[in-house]
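**Student:** Got a sequence here, can you build the structure:
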Amino acid sequence: MNSRVNVHLALIHHPVMNKNRETIGSAVTNLDIHDIARMARTYGVLNYFIATPYSDQHQLVEEILQHWRDGHGARYNPARKEALAIVKLANSLAEIRETVAAQYGKSPLVVTTSALEQKNNVSYAELRDRIADGEHILLLFGTAHGLAPEIMKQADIGLPPIKGGTDYNHLSVRSASSIILDRLLGS
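**Tutor:** Below you'll find the predicted structure:
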């Protein structure tokens, strides 16, 4: 089965927040590239965007992707090659929105995720229904300590935070994105 859903993911590296709630740009990590791509492909996501305005980070991602898409890694691990085929680099959220709109003929519904409560939250069930109805969804995930306010303001809606039953709430973006996609797209 090779079904895809109208869901796109974006891992935002700038602007994001640091632990002091200051706006920063974070570094791309190899694990986030691989693990989120594998998870996204498993759930049928159309595109996994990595957004950073930094040219050195673009170069790093391109080198990793080239190895696994066209180099020795592609021959060594074809499943990884398939997962990484959905990865796209972007400079900003605006560029991602334009890319999705150009690809599919309309702007996606932009949905933020956060470890903090948001004012514009909808339930996972409501968003699951919208996905089932064929609406194009762009799910935003932040690195470091989460999406900066200027990104949050660009969203149409948000999802509730993942709560584990303790007062500690700082999941890795790989873990959070997996849990959220399973809630939205899992069988």
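**Student:** Grab the nearest non-local neighbour of N18.
**Tutor:** Distances taken as C-beta to C-beta, 6 or more residues apart in numbering put I24 closest to N18, at 4.8 Å, once the chain neighbours are dropped. Any C-beta I mention is one placed from the backbone N, CA and C, and that applies to glycine too.
**Student:** Kindly report the same for T52.
**Tutor:** Excluding its sequence neighbours, the residue lying closest to T52 (C-beta to C-beta, 6+ apart) is H13, at 4.0 Å.
**Student:** And that neighbour, how far from I33?
**Tutor:** Separation of H13 from I33 (C-beta to C-beta, to the nearest Å): 11 Å.
**Student:** what touches both of those two?
**Tutor:** I50 (C-beta atoms under 8 Å, 6 or more residues apart in numbering).
**Student:** quick one: buried residues of stretch 171-180?
**Tutor:** Buried positions in stretch 171-180, judged by neighbour count with 16 or more other C-beta atoms under 10 Å: L171, V173, R174, A176, S177, S178, I180.
**Student:** gap between the third one and R21?
**Tutor:** The one in question is R174. From R174 across to R21, the span is 23 Å (C-beta to C-beta).
**Student:** Please spell out the segments of the protein that come in under the pLDDT threshold.
**Tutor:** Under the criterion pLDDT under 70, the flagged ranges of the chain are 1-2.
**Student:** Show me the two of the buried residues of stretch 171-180 that sit farthest apart.
**Tutor:** Farthest-apart pair in the buried residues of stretch 171-180 is R174 and I180; separation 11.2 Å (C-beta to C-beta).
**Student:** the helices in the chain, which residues?
**Tutor:** 30-42, 55-69, 72-76, 78-84, 93-104, 124-132, 149-152, 173-185 (DSSP state H).
**Student:** Let me have those helices in a markdown table, adding distance to F141 as columns.
**Tutor:** Converted to a markdown table, the helices of the chain look like this (distance: least, C-beta to C-beta, whole Å):
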| stretch | distance to F141 |
| --- | --- |
| helix 30-42 | 8 |
| helix 55-69 | 16 |
| helix 72-76 | 24 |
| helix 78-84 | 17 |
| helix 93-104 | 12 |
| helix 124-132 | 14 |
| helix 149-152 | 11 |
| helix 173-185 | 5 |
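**Student:** Between the ones you listed, which one is closest to S114.
**Tutor:** helix 149-152 (7.4 Å).
**Student:** Touching that closest one from outside, list them.
**Tutor:** When contacts are defined by C-beta under 8 Å, 6+ apart, helix 149-152 is touched by residues I12, P15, V16, T23, L93, T112, S114, Q118, L140, G142, G158.
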